[in-house]
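Undergrad: any chance you can model this:
(one chain, ligands or ions: 2)
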Amino acid sequence: MNSKTIRVKIPASTANLGPGFDTIGMALDLYTWIEMSFSDETKMKLFGDNLKGIPTDKSNLIYKVAQKVFHKAGVEQPNIEIRMYSDIPLTRGLGSSASAIVGALVAANALIEYPFSDNELFQMATSIENHPDNAGASLFGGIIVANWDGERAEYIRVEPNSHLEVLAVIPDFELATEKSRNVLPDQVLFKDAVFNVSHSSLLVAALCTGNLELIKHAMKDGLHQPHRASLIPGMNTILAQAVQHGALGAALSGAGPTLLALVHKNSNEKKGLEQFVMNQFKIENIKVKTLWLKPCLKGAQVVSDELSHPFHHQGTSFKGELKS
Ligand SMILES: Nc1ncnc2c1ncn2[C@@H]1O[C@H](COP(=O)(O)OP(=O)(O)O)[C@@H](O)[C@H]1O
Ligand SMILES: N[C@@H](CCOP(=O)(O)O)C(=O)O
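TA: Ligands and ions are numbered 1, 2, ... in the order given. Okay, here's the model as predicted:
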């Protein structure tokens, strides 16, 4: 057993981008940090408010995913120490589970000297998370267009246009992905399928060519957002009117409840858009937090500089140890 400590920084992700259900994802500059090392006994320490309620025993997701990597590599159930901090809120549609899974895979793989390629990690991440767009975005950064047939995932990474900025509006209630998937129908009408194929294809073409003006026509969905609207009061109005208030396009982020607007970074309507969205949620008596984010170009990275790690910074968003 080696005595090194691996530190990994993993971006959040927004899935679907409207019509690209389970297909189009984008990494965002909001991060989870994981430290992993071999140890005499298994220990976990969680830092910061966002990880409240996460188990610190062997049922922990990071622990279980890391053990899958060790098992696949023929390393039998080592004890590990895990330390983790996250700025990504849980169950809000910003891919916290995918970032955790990707972080565990990357950290465990690095700890045992990289037996698995990035593509093998992508296959493992997708088979655990089930959403290749979240998993791919957290692993590779940028925009990921992906598919998953239940056995194998394919993806293409698209470089986000440098003018893109993102307004994330995060309601103060949780919505588990499972609950938000349970409201979806088993079957859809042919015309709704055609609507989504055409809009999703147009969106990918717009993102690939940097045609930001097309986004407002392309970022429309008839497959999942209408069914989820009852879970997010105010969503329909916001999505219908965001473009009039300066957004390039708007969508439910992942399974929600976060709403996401794509915005030109030089737009002079940013404040107005933010105010509009906050007002709509206020009408519904829902408290929200707004974050201006950028697409994250880099995926999960092993960080060698110990001082760049938030555990070692005082005065950042680090709030202290929760439990050990
Ligand atoms: N850093 C983490 N460590 C352990 N488990 C995590 C972590 N982040 C997320 N999870 C698990 O994933 C769940 C949230 O997943 P999900 O409902 O898909 O929402 P999200 O949109 O945030 O991915 C959490 O309730 C928790 O069980
Ligand atoms: N395509 C999935 C995306 C789930 O993403 P999350 O960030 O909410 O976990 C869906 O829409 O159900």
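Undergrad: need the contact list for residue 84.
TA: Residue 84 makes contacts with 32-35, 44-47, 51, 54, 62, 103, as judged by C-beta atoms under 8 Å, 6 or more residues apart in numbering. Every C-beta, even on glycine, is put in place using the N, C-alpha and C of the backbone.
Undergrad: identify the residues contacting the host helix or strand of residue 239?
TA: For residue 239, the host element (DSSP states H and E) is helix 235-241. For helix 235-241, the surrounding residues in contact (C-beta under 8 Å, 6+ apart) are 169, 225, 228-229, 250-252, 256, 259, 276-277, 280-281.
Undergrad: coming back round to it: keep only those of the contacts of residue 84 that are in helices.
TA: Among the contacts of residue 84, the ones falling in helices (DSSP state H) are 62, 103.
Undergrad: run through the contacts of residue 84 and flag the ones next to ligand 1.
TA: 32, 51, 54, 62 (C-beta under 6 Å from any ligand atom).
Undergrad: quickly check the contacts of helix 235-241 for the two that are furthest apart.
TA: Farthest-apart pair in the contacts of helix 235-241 is 228 and 276; separation 20.7 Å (C-beta to C-beta).
Undergrad: and this structure, what are its domain boundaries?
TA: Annotated domains of the chain cover 5-159+296-323, 164-293 [automatic domain parsing].
Undergrad: out of those, which gets the lowest mean score?
TA: Lowest mean pLDDT of the domains of the chain: domain 5-159+296-323, a mean of 91.
Undergrad: that one vs ligand 2: in contact?
TA: Yes: residues of domain 5-159+296-323 are located near ligand 2 by C-beta under 6 Å from any ligand atom, namely 15-16, 21-22, 93-95, 97, 131, 134.
Undergrad: one more: stretch 164-178?
TA: Yes: looking at stretch 164-178 against ligand 2 by C-beta under 6 Å from any ligand atom, the contacts come from residue 177.
Undergrad: gap between the two ends of that stretch?
TA: Distance between the two ends of stretch 164-178: 30 Å, counting by C-alpha to C-alpha, to the nearest Å.
Undergrad: cool, and stretch 283-292?
TA: This stretch, stretch 283-292, spans 22 Å end to end (C-alpha to C-alpha).
Undergrad: so which bits of it are buried?
TA: Using 16 or more other C-beta atoms under 10 Å as the test for burial, stretch 283-292 gives 286, 288, 290-291.
Undergrad: contact partners for residue 101?
TA: Neighbours of residue 101 in contact, by C-beta under 8 Å, 6+ apart: 61, 65, 125, 128-129, 135, 138.
Undergrad: and those residues, which is closest to residue 11?
TA: Using C-beta to C-beta, these come closest to residue 11 at residue 138, 5.8 Å.
Undergrad: for that closest one, what is the enclosing helix or strand?
TA: Judged by DSSP H and E, residue 138 forms part of helix 132-140.
Undergrad: is that helix in proximity to ligand 1?
TA: No: Helix 132-140 lies out of reach of ligand 1 by C-beta under 6 Å from any ligand atom, never closer than 6.9 Å.
Undergrad: burial count for the residue in the stretch 101-250 of the chain positioned nearest to ligand 2?
TA: Nearest residue of the stretch 101-250 of the chain to ligand 2: residue 177, at 4.0 Å (C-beta to the nearest ligand atom). Residue 177: 21 surrounding residues under other C-beta atoms under 10 Å.
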